[in-house]
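Novice: 3D model of this:
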Amino acid sequence: MGAGILLSRLMGLVRDRIFAYYFGTSPVADAWRAALRTPNVLQNLLGEGTLSASFIPVYAEFLEEGRHETAGRFAGAALGILSVVAGSLALLGVLVAPWLVELFFFGWDDGKQALTVTLVRILFPMTAVLVVSAWALGVLNSHRRFFVSYVAPVFWNLAMIAAMVAGGVWWGLGERDLVVALGWGALVGGVLQFGVQLPFVARHLIGFRLSLGRGVEGVGEAIRNFVPVVAARGVVNLSSWLDVILAATLVDGAVAVLGYAQTFYVLPISLFGMSVAASELPELSRMRAQDREVLAERVATALRRVSFFLLPSALVYLALGDVVVAALYQTGAFGLPQTLVTWAVLGAYSLGLAASARSRVLSSAFYALRDTATPARIATLRVVVSAVVGIALMIPLDRMGFAQLRLGAAGLALGASVGAWLEYGLLRRALGRVIGAHGAPSDALVRMGLAAALGTATAVGLQLVLPPTHPALLALETLVPGGVVYLGAAWALGLGDPRRILRRRG
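Specialist: Residues are numbered from 1 along each chain as shown. Predicted structure coming up:
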């Protein structure tokens, strides 16, 4: 799973570098980020995280009991229901796109709004296909087949890269026409992402029959699990939407900067938080009937594993975020001011990085225990706090910045970090009442922090003494030695063999 996510994220970084070259922080870049976020509500409500929380525990339990035909019929019903719901909502989104854009991005001029509407109408169908693709991921995960489902987004990214390269190099399209071509590439890529998983899914489905779930065992329980998870995801998605809407009230480029920073923010969460949480969900679901101490030990091991990678990631983003951002983005229309502002936003996000990743693991534990309501309630509180803090900080920070760009988006990121830690603390307390103590040992976390500090200090020292060079080369000269020092220090401090931890992560 980790390998699949790594490949897809690396391809996503390549896609974003090409995007930054052509669009930078221009109004067109804002329109793309806003258009991509608007139909994303559909994916967040019905996609991977929500579907996994409601589908996998039921499906995995059927498999554990040896009821493979029942599992196949349940999978067919889930696909039928999901296809109808996602398709209907996507069609509705296409029809109401002009009103959505006018409502949420009212401060933009007519040309920028019109471009956003065009992109939203292309991206709603893409999102519906990606939602259905999450069904295939759930099936494969339940059968412990992780690589294909998590490497499938590579094809989505490749389609967008091909669209930008073909449009920019071969066809010589202008900025607006090029971003529309990018939208069509994203739609084609979504179809490819789903299609590449189908042959592997077909191998595991016995008794599969597409239906709308009438009388199919397990559907009722899955829907009961689904509703509170959708409510939680809906609240979280509302927070993301609100961040984009608020950023759209700032200077041109603020929405784009927020998107660039989120790319790096999500990277370690996906690689180390989501991969561990997703791989643990089927196993914890199978262990539901076992002693709570066994579950607690499993959760503690997962939290320790996530922390091993997230602590150094957060420190690197804080201390060397300019090196990281410049290595990927500083090219073409993306210059030094854009790098500095993106670093500020990324640094604010990094303060909540570890909490966000750990919360994924704790939520998976609740879902495995068939408790979807508790994470939903806590997510609602997190969103409210994030919004209040973000708005309060956005206004004063928007008075500072570099060139034409301002730091208001960093206030939104700080609000997200405060909300992330609140969510993590409440999830820990609630889960502790169910399974007992389950956190990673505090002494291990201290040693991880010390090792991460040594690795980061090494990278910062190299940055200060090395001569000026290309941003990508500087990143290699600083981050690679810093990573080696971290792994070596972790081993010396008794945190275990880093090679064994790397193998266990996925």
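Novice: how about the helices in the stretch 101-250 of the chain?
Specialist: 110-142, 147-151, 153-165, 175-195, 198-202, 219-248 (DSSP state H, counting those that start in this stretch).
Novice: can you tell which of those is closest to residue 298?
Specialist: Nearest to residue 298 among the helices of the stretch 101-250 of the chain is helix 110-142 (16.6 Å), distances taken as C-beta to C-beta. All C-beta spots, glycine's among them, are computed from the backbone N, C-alpha and C.
Novice: so where's the stretch 1-150 of the chain shaky on pLDDT?
Specialist: The model of the stretch 1-150 of the chain has pLDDT under 70 over residues 1-2, 41-54.
Novice: what kind of secondary structure is residue 71 in?
Specialist: Using DSSP: H, G, I helix; E, B strand; the rest coil as the criterion, the local structure at residue 71 reads helix.
Novice: count the neighbours of the closest residue to it other than its chain neighbours for me.
Specialist: Counting by C-beta to C-beta, 6 or more residues apart in numbering, the nearest residue to residue 71 once its immediate chain neighbours are dropped is residue 62, at 3.8 Å. A total of 20 residues lie near residue 62 under the criterion other C-beta atoms under 10 Å.
Novice: what's the answer for residue 19, then?
Specialist: Neighbouring residues of residue 19 were enumerated by other C-beta under 10 Å; the total is 27.
Novice: from residue 12, how far off is it?
Specialist: The spacing between residue 19 and residue 12, counted by C-beta to C-beta, to the nearest Å, is 10 Å.
Novice: so who does residue 449 touch?
Specialist: Residue 449 sits next to residue 311 when contact means C-beta atoms under 8 Å, 6 or more residues apart in numbering.
Novice: and for the one 3 residues further on?
Specialist: Neighbouring residues of residue 452 by C-beta under 8 Å, 6+ apart: 311-312, 315, 486.
Novice: so which of those sit within strands?
Specialist: Within these, no residue falls in strands by DSSP state E.
Novice: format those residues as JSON lines; extra columns: distance to residue 72, neighbour count and pLDDT.
Specialist: Output for the contacts of residue 452, formatted as JSON lines (distance: C-beta to C-beta, whole Å; neighbours: other C-beta atoms under 10 Å; pLDDT from 0 to 100):
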{"residue": "311", "distance to residue 72": "42", "neighbour count": "22", "pLDDT": "90"}
{"residue": "312", "distance to residue 72": "43", "neighbour count": "26", "pLDDT": "92"}
{"residue": "315", "distance to residue 72": "47", "neighbour count": "22", "pLDDT": "94"}
{"residue": "486", "distance to residue 72": "46", "neighbour count": "26", "pLDDT": "92"}
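Novice: dump the residues you listed to a markdown table, plus distance to residue 399.
Specialist: What follows is those, written out as a markdown table (distance: C-beta to C-beta, whole Å):
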| residue | distance to residue 399 |
| --- | --- |
| 311 | 33 |
| 312 | 33 |
| 315 | 28 |
| 486 | 37 |
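Novice: number of nearby residues for residue 354?
Specialist: Close neighbours of residue 354, defined as other C-beta under 10 Å, add up to 25.
Novice: does residue 240 touch residue 36 like I think?
Specialist: No. The criterion here is C-beta atoms under 8 Å, and residue 240 misses it with residue 36 at 11.1 Å.
Novice: overlap of the contact sets of the two?
Specialist: By the contact definition C-beta under 8 Å, 6+ apart, residue 240 and residue 36 are jointly contacted by no residue.
Novice: picking that back up, need the helices of the stretch 101-250 of the chain in CSV (columns: distance to residue 303).
Specialist: Rendered in CSV, the data for the helices of the stretch 101-250 of the chain read as follows (distance: least, C-beta to C-beta, whole Å):
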stretch, distance to residue 303
helix 110-142, 20
helix 147-151, 21
helix 153-165, 26
helix 175-195, 30
helix 198-202, 30
helix 219-248, 20
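Novice: format those helices as TSV; extra columns: mean neighbour count.
Specialist: Output for those, formatted as TSV (neighbours: other C-beta atoms under 10 Å):
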stretch	mean neighbour count
helix 110-142	23
helix 147-151	21
helix 153-165	21
helix 175-195	20
helix 198-202	14
helix 219-248	19
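Novice: of these, which approaches residue 442 most closely?
Specialist: Of all the helices of the stretch 101-250 of the chain, helix 219-248 comes closest under C-beta to C-beta, at 28.9 Å.
Novice: pull stretch 320-330 out as CSV, backbone CA atoms only.
Specialist: As requested, the backbone C-alpha atoms of stretch 320-330 are provided in CSV (Å, rounded to 0.1, in the frame of the first residue of the first chain):
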residue,chain,number,x,y,z
LEU,A,320,13.1,23.7,5.4
GLY,A,321,9.7,24.3,3.8
ASP,A,322,11.3,26.8,1.4
VAL,A,323,13.7,24.2,0.1
VAL,A,324,10.9,21.7,-0.3
VAL,A,325,8.6,24.1,-2.1
ALA,A,326,11.3,25.5,-4.4
ALA,A,327,12.5,22.1,-5.4
LEU,A,328,9.1,21.2,-6.8
TYR,A,329,7.4,24.4,-7.8
GLN,A,330,9.9,27.2,-8.4
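Novice: how about residues contacting that stretch?
Specialist: 13, 16-17, 20, 260, 264, 316-317, 336, 338-340, 342-343, 346-347, 350, 456, 459-460, 463, 471-472, 474-475, 478-479, 482.
Novice: inside strands: which ones of these?
Specialist: Cross-referencing those with the strands (criterion: DSSP E) gives no overlap at all.
Novice: buried only: go through these for me.
Specialist: The neighbour-count test (16 or more other C-beta atoms under 10 Å) marks 13, 16-17, 20, 260, 264, 316-317, 338-340, 342-343, 346-347, 350, 456, 459-460, 463, 471, 474-475, 478-479, 482 as buried among these.
Novice: thinking again about what came up before, quick one: closest of the helices of the stretch 101-250 of the chain to residue 24.
Specialist: Distances from residue 24 to each of those were compared by C-beta to C-beta, and the smallest falls on helix 175-195, at 9.9 Å.
Novice: just list what the closest one packs against, helices and strands only.
Specialist: Here helix 175-195 touches helix 2-23, helix 27-37, helix 110-142, helix 153-165, going by 3 or more C-beta pairs under 8 Å, 6 or more residues apart in numbering; DSSP states H and E.
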